[in-house]
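> just the structure for this:
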Amino acid sequence: MEMIGLDLHKRESQLCIQDAEGVFTERRIVTGRGSFAALFAGRPRARVLLEASTESEWVARYLESLGHEVIVADPGFAPMYATRSKKVKTDKRDARALCEACARGTYRAIHRASEAQRHVRTELAVRDALVRTRTRYVAMIKAMVRREGLRLRSGEPAHTAAKLAEVSLPDVLQSELAPLVSLLEPVNAQVTAATARLTALARGNPVVTRLQTIPGVGPITAVAFVAALDDVTRFASAHQVQAYLGLVPSEFSSGERQLRGRITKRGNARVRWLLVEAAWRVMRARDPEAEMLRQWTERVALRRGQRIAAVALARRLAGIMYAIWRDGTAYAGGSASIAA
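Below is the predicted model:
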């Protein structure tokens, strides 16, 4: 079987092919279905190794449809590039290193999300982009209003236009803000539509339904958590999930010296942010179901402060969500659930 290292790029990609006799062939091709079909269609089944990237999933699926074995590898796995010089980096060297790693097996394959969860991730990314766009518009409007010594009342971003109407603004400022205000209504409508689509997905997923029994966890947070993990069985413990989401402390230890820092912030930033927001909701709520979680967080806050306590609770929520998904249960409150 041929071993192929594919250094994938947006426009052109570099290949290194090792045949059964160990002879290497190097090629550069356009990154497109036509070029891949011309090279790979009709070719004997080969093992192809490429790095995880924006284009990697569609390339992997396309090459698999042509009958080849494709491995999408973690680009941060150092042994994969053990033979590459650190002082000279080129696409040819990268493709050769990938080809050699493919032959030796010195790579770490990433988990490739299912088709259904890829769709959910796209929906989440679209909603996130819309919310961020609205946030920028609202922040700009508030800043320009404050510049005139005025202030909008607090409330949901979706009601910004109504809050503006309550304030007596100078004519010049009204005309300056008009382009932003005119965009708020369609953006609000798209945010509402995106939220509705994700809520519908949540209703159709029993795992997501069970996760929403946890205080502070709504449909968007639950859907995002399930989409990020995709397959709960690939995690052996709650700590692995917490580390996967970047919610564990970084550590710099050597000999007798042990130093722990801020959380690693590795993995899915959207899920991490949603979990922290869920933690703040629990801390501010007065729901009896959240009492045990709130008491635990208050004890942490007394020692470390509110912000660190919120992150600690987000980490604990991730562990509880994992346990509920793994065990097929629902949140029942109490100390047993906190320890899960």
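
> by mean pLDDT, flag the weakest helix or strand of the protein.
Least confident helix or strand of the chain, by mean pLDDT, DSSP states H and E, is helix 334-338 with a mean of 42.

> output the below-cut-off pLDDT ranges for this structure.
86, 334-340 (pLDDT under 70).

> that one - how does it break down into domains?
Listed by automatic domain parsing, the domain ranges of the chain are 2-104, 115-203, 207-338.

> now do the buried residues in the helix or strand hosting Ala193.
Using DSSP states H and E, Ala193 falls within helix 171-203. Neighbour-count burial for helix 171-203, counted by 16 or more other Cβ atoms under 10 Å, picks out 173, 177, 180, 184, 187-188, 190-191, 194-195, 198, 201-202. C-beta: built from backbone N, CA, C; applies to glycine.

> ditto for stretch 301-310
Neighbour-count burial for stretch 301-310 [16+ other Cβ under 10 Å]: Ala301, Ala309, Ala310.

> for those, which one is nearest Arg234?
Nearest to Arg234 among the buried residues of stretch 301-310 is Ala310, at 27.7 Å by Cβ to Cβ.

> was I right to think Val138 contacts Thr160?
Yes - taking Cβ atoms under 8 Å as the definition, Val138 is a contact partner of Thr160 at 5.0 Å.

> please, where are all the helices along the stretch 101-250 of the chain?
Listed in chain order, the helices of the stretch 101-250 of the chain (DSSP state H, counting those that start in this stretch) span 115-147, 160-165, 171-203, 206-211, 219-229, 238-244.

> any chance of those in TSV, with distance to Leu66 too?
Below are the helices of the stretch 101-250 of the chain laid out as TSV (distance: least, Cβ to Cβ, whole Å):
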stretch	distance to Leu66
helix 115-147	18
helix 160-165	51
helix 171-203	32
helix 206-211	34
helix 219-229	28
helix 238-244	32
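
> and Asp74, which of those is closest to it?
helix 238-244 (12.5 Å).

> what comes up buried for that closest one?
Ala238, Val241, Gln242, Ala243, Tyr244.

> just checking, what packs against it?
Secondary-structure packing of helix 238-244 (3 or more Cβ pairs under 8 Å, 6 or more residues apart in numbering; DSSP states H and E): helix 306-327.

> out of the buried residues of helix 171-203, who's nearest Leu152?
Leu177 (11.3 Å).

> Met144 is in contact with the closest one, correct?
Yes - assessed by Cβ under 8 Å, Leu177 is found in contact with Met144 at 6.2 Å.

> can you give me the angle the helix holding Ala193 makes with helix 219-229?
If you take axes from the mean of the first three to the mean of the last three Cα atoms, to 10 degrees, helix 171-203 sits at 60 degrees to helix 219-229.

> between helix 171-203 and helix 115-147, how big is the angle?
Going by the same axes, to 10 degrees, helix 171-203 makes 160 degrees with helix 115-147.

> which strands and helices sit next to helix 171-203?
helix 115-147, helix 160-165, helix 206-211, helix 219-229.

> any chance you could list what contacts the last one?
Identification of contacts with helix 219-229 by Cβ atoms under 8 Å, 6 or more residues apart in numbering yields 113, 117, 120-121, 124, 127, 195, 198-199, 201-203, 205, 207-209, 211-212, 235, 241, 244-245, 267-268, 270-271, 274-275, 277-278, 318, 321-322, 325.

> buried among the residues you listed? Make that a ChimeraX selection.
Buried members of the contacts of helix 219-229, identified by 16+ other Cβ under 10 Å, are gathered into one ChimeraX selection as follows:
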select :113,117,120,121,124,127,195,198,201,202,205,207,208,211,212,235,241,244,245,267,268,270,271,274,275,278,318,321,322,325
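
> that'll do, ta.
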